[in-house]
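Asks: Structure for this input, please:
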Amino acid sequence: QVQLVESGGGLVQAGGSLRLSCATSGRTFSNYAMAWFRQAPGKERDFVAAIYWSADSTYYTDSVKGRFTISRDNAENTVYLQMNSLKPEDTAVYYCAAGSAIYRTKGGYAYWGQGTQVTVSS
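Replies: The predicted structure is shown next:
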């Protein structure tokens, strides 16, 4: 059974940092693209960042460039999202996703985690 399990969310003050983790199990994601999305209350689930397991290319939405970094640990089958200089508008549930290629829309991903809440206070 395929599983993506996020962790690392929490409450942080504006300007602070958090690191989210996405642990994968149940199959080999070595040829997959891994992405982070986020969904604020009453809003759509939006693309945040993505990376291929087998390549170093990374992709970000404009609002997080220079503040967030996506990375992976192939040995641990884990993807990370390091979030620095957090802003109140970063508050959302953050989801990890896996798919066959990098897409900036949620429909491109077949596997999803349950989400982890990130709250940034002003």
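Asks: so what's the most centrally placed residue in the chain closest to, chain neighbours aside?
Replies: By Cα atoms, centre = their mean, the chain has its centre lying nearest to W36, at 2.4 Å. Spatially, and ignoring its direct neighbours in sequence, W36 is nearest to V48 (4.3 Å; Cβ to Cβ, 6 or more residues apart in numbering). Just so you know, the C-beta spots here come from the backbone N, C-alpha and C atoms, and that holds for glycine as well.
Asks: buried residues in the host helix or strand of the one you found?
Replies: Take DSSP states H and E as the rule and V48 turns out to sit in strand 45-52. For strand 45-52, the neighbour count (16 or more other Cβ atoms under 10 Å) marks 45, 47-52 as buried.
Asks: Closest one to G66 out of the residues you listed, please.
Replies: Nearest to G66, judged by Cβ to Cβ, of the buried residues of strand 45-52 is A49 at 12.0 Å.
Asks: That closest one touches W36, doesn't it?
Replies: Yes - contact criterion Cβ atoms under 8 Å: A49 and W36 qualify, at 5.0 Å.
Asks: and whichever strand or helix holds T119, which residues are buried?
Replies: Assigned by DSSP H and E, T119 belongs to strand 116-121. Buried residues in strand 116-121, counted by 16+ other Cβ under 10 Å: 116, 118, 120.
Asks: which residues are in contact with it?
Replies: Outside strand 116-121, the residues that touch it by Cβ atoms under 8 Å, 6 or more residues apart in numbering are 6-14, 16, 18, 20, 38, 83, 86-94.
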